[in-house]
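# Generate coordinates for the sequence data below:
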Amino acid sequence: MEMNHRLQSLTPFIFWFMLLSASLFAQPKLSFHLGGGFYSPTLGMLDPDSNNVIPSLSAFSKNMLIDWGFKYQFYPNARIGYARSNSYHSGKVGDSGFLRIISYRMLTFETFYYPRKRMELNFMLAPMYNKGTVKLTAESSSGDWDTLLGSYGNSSVKLSTPGEMTKRWFGLASMIGFRYYIFSWLAVDGKAGFIQNSYSEKKWKLEKEKIDGPTMNIKKLPVFNIHLVLGW
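All right, here's what the predicted structure looks like:
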């Protein structure tokens, strides 16, 4: 009787221990990643080496990407998700604050397998819908806009201040990766591959007007990413 009573009292603890163990060691269905990347674009007229209107550009602003995204495992060896890699460049054009953002936005499809315990090899294919943004911010930046737009071959553009010029284009990313699981819910993931862009300097938009933007050679770019992955 005493033994049965002890077993009954331990049953809830055994149940919760097994449930906790399953949650700790089961493969997470949903994951979030944060990290960085490296690539080497030819920025053309967004590079101060080619356009003296543009503020000085550091290696970080030119070659580094800030990455984040999430994925859902919908099949035993397949994930779908959304990822974004951003490149930033800030400074001054005349008296105005300058900010350039190139945002590579991906709908990711990934397959994977485990060659050994804690190790994963994966392959990712991702259609992209990217966006470029150039902003000038100041109390009176119309003269600085004239200077910047003139460097891209535009003559007369009417606008209020401050303003923002934008451009969207399609692309495709393909990458192979290696992931190491520190715990089942924490991993380090490295990827290498290419991003391809259909970018053209034509038809940027500035306050509903179509203008010519900067030339950039970003048609096919090698890229390397490293991420910290959290799953639950």
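# Got phi/psi on residue 46?
With angles defined as degrees, to the nearest 10, residue 46 shows backbone torsions of phi -100, psi 10.
# What of residue 145?
phi -60, psi -40.
# What strands line up against the one helix or strand residue 169 maps to, and which way round?
If you go by DSSP states H and E, residue 169 is part of strand 163-183. Note on strand 163-183: by DSSP bridges, its sheet partners are strand 119-137 (antiparallel), strand 186-197 (antiparallel), strand 204-206 (antiparallel).
# Could you identify which of those has the lowest mean pLDDT?
Mean pLDDT per stretch puts strand 204-206 lowest among those, at a mean of 91.
# Serialize the strands paired with strand 163-183 to a markdown table and add fields for mean neighbour count and distance to residue 49.
Yep, even glycine has a C-beta here, placed from its N, CA and C like the rest. Output for those, formatted as a markdown table (neighbours: other CB atoms under 10 Å; distance: least, CB to CB, whole Å):
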| stretch | mean neighbour count | distance to residue 49 |
| --- | --- | --- |
| strand 119-137 | 18 | 17 |
| strand 186-197 | 18 | 21 |
| strand 204-206 | 19 | 21 |
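# Can I get those strands in CSV including distance to residue 81?
Formatted as CSV, the strands paired with strand 163-183 follow (distance: least, CB to CB, whole Å):
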stretch, distance to residue 81
strand 119-137, 9
strand 186-197, 12
strand 204-206, 29
